[in-house]
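Colleague: Sequence first, then the predicted structure:
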Amino acid sequence: MRLVVLFDLPVKAKKDRKAYSQFHRFLAKDGYDMLQFSVYARICNGQDALNKHEARLKEHAPARGSVRYFQLTEKQFVEMRVLVGTKKPKEDPRFSKQLTLF
């Protein structure tokens, strides 16, 4: 399973920039990979892990702006198409299979 997070946060005021930075750091430390600007995804091994990370996401979400998330199966994630640009190495299906073995 993949947990995908999309966000659009205000950055004009100093406190908004701080909230953005804290949320961005949380995503990086919690194992999310950036797919593109303001779109992050992480692998979750099953529904229990997904529920845990969903709760952590809610706990660290900033008070202002827009944050959305959804879950995808690995099959759905692998079927994602790229119109412009290239897929990152961590989007390779072999990478997710390696992680689920450990």
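Modeller: All right, it came through fine.

Colleague: what's the span of stretch 67-82, first residue to last?
Modeller: End-to-end span of stretch 67-82 (C-alpha to C-alpha, to the nearest Å): 23 Å.

Colleague: starting at the chain centroid, how far to it?
Modeller: A distance of 10 Å separates the centroid of the chain from that of stretch 67-82, by C-alpha atoms, centre = their mean, to the nearest Å.

Colleague: now that stretch: mean pLDDT?
Modeller: Model confidence over stretch 67-82 averages 92 on the pLDDT scale.

Colleague: what comes up buried for it?
Modeller: Neighbour counts over stretch 67-82 (16 or more other C-beta atoms under 10 Å) mark V67, Y69, F77 as buried. Any C-beta I mention is one placed from the backbone N, CA and C, and that applies to glycine too.

Colleague: Filter those down to the ones in strands?
Modeller: Of the buried residues of stretch 67-82, the ones assigned to strands by DSSP state E are V67, Y69.

Colleague: Among the buried residues of stretch 67-82, which one lies nearest to Y32?
Modeller: Of all the buried residues of stretch 67-82, Y32 sits closest to Y69, with 10.4 Å by C-beta to C-beta.

Colleague: Quick one: the strands in the protein, in order.
Modeller: Using DSSP E, strands in the chain cover 2-8, 33-36, 39-43, 66-72.

Colleague: Mind putting the ones you listed into JSON lines with distance to A49?
Modeller: Output for the strands of the chain, formatted as JSON lines (distance: least, C-beta to C-beta, whole Å):
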{"stretch": "strand 2-8", "distance to A49": "9"}
{"stretch": "strand 33-36", "distance to A49": "16"}
{"stretch": "strand 39-43", "distance to A49": "9"}
{"stretch": "strand 66-72", "distance to A49": "11"}
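
Colleague: Appreciated, that's everything.
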